[in-house]
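Novice: Predicted model, plus sequence, below.
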Amino acid sequence: MNSLTLDVDKLEAAASKLRAIAHPMRIAIIELLQDGKKMSVTEIYLKLKIEQAAASHHLNILKNKGVLESRRDGKKIYYTLKSAALTEIIHCINKCNAEE
């Protein structure tokens with residue numbers, strides 16, 4: 001009997017998050033929000049030099065997959081990372097790319 005027990009639900013949730021971040025613009029958003037930063041949609045799309053609709057689209061995907069959380073403050077919605085571990089994944093990917 002194998003001592004490693006696979007929790008299929010946890011693996012599927014992890015794969016779902018990885019698929020959500022597997023886009024250059026979403027990786028850029030995660031990098032902007034690292035270290036506990038919070039940013040509004042406006043700040044994000046201006047910083048990334050993309051359309052507001054594109055930023056909202058990517059933010060919604062990340063939020064729906066549990067990567068980001070949002071808080072409304074008046075008319076603005078601020079986004080933060082749900083887990084700092086995601087920035088570690090991005091750093092690991094960047095490090096692997098640097099070694100090629």
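Specialist: Good, I have the coordinates. Numbering: from 1, shown residues only.
Novice: just the CA coordinates of the helix or strand of the chain with the lowest mean pLDDT, formatted as PDB?
Specialist: Sorting the helices and strands of the chain by mean pLDDT, DSSP states H and E puts helix 85-98 at the bottom, at a mean of 76. Taking C-alpha atoms only, helix 85-98 is exported to PDB below (Å, rounded to 0.1, in the frame of the first residue of the first chain):
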ATOM      1  CA  ALA A  85       2.500  31.400  -1.600                       C
ATOM      2  CA  LEU A  86       1.400  32.300  -5.100                       C
ATOM      3  CA  THR A  87       4.200  34.900  -5.400                       C
ATOM      4  CA  GLU A  88       6.700  32.200  -4.400                       C
ATOM      5  CA  ILE A  89       5.400  30.100  -7.400                       C
ATOM      6  CA  ILE A  90       5.900  33.100  -9.700                       C
ATOM      7  CA  HIS A  91       9.400  33.600  -8.300                       C
ATOM      8  CA  CYS A  92      10.200  30.000  -8.900                       C
ATOM      9  CA  ILE A  93       9.000  30.200 -12.500                       C
ATOM     10  CA  ASN A  94      11.100  33.300 -13.100                       C
ATOM     11  CA  LYS A  95      14.100  31.600 -11.500                       C
ATOM     12  CA  CYS A  96      13.700  28.600 -13.800                       C
ATOM     13  CA  ASN A  97      13.400  30.800 -16.800                       C
ATOM     14  CA  ALA A  98      16.600  32.700 -15.800                       C
END
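Novice: now that helix: how far from the chain's centre is it?
Specialist: Offset of helix 85-98 from its chain centre (CA atoms, centre = their mean, to the nearest Å): 12 Å.
Novice: buried residues in it?
Specialist: Neighbour counts over helix 85-98 (16 or more other CB atoms under 10 Å) mark 86-87, 90 as buried. In short, each C-beta sits where N, CA and C put it, glycine included.
Novice: So which elements touch that helix?
Specialist: Counting by 3 or more CB pairs under 8 Å, 6 or more residues apart in numbering; DSSP states H and E, the packing neighbours recorded for helix 85-98 are helix 8-21, helix 24-32.
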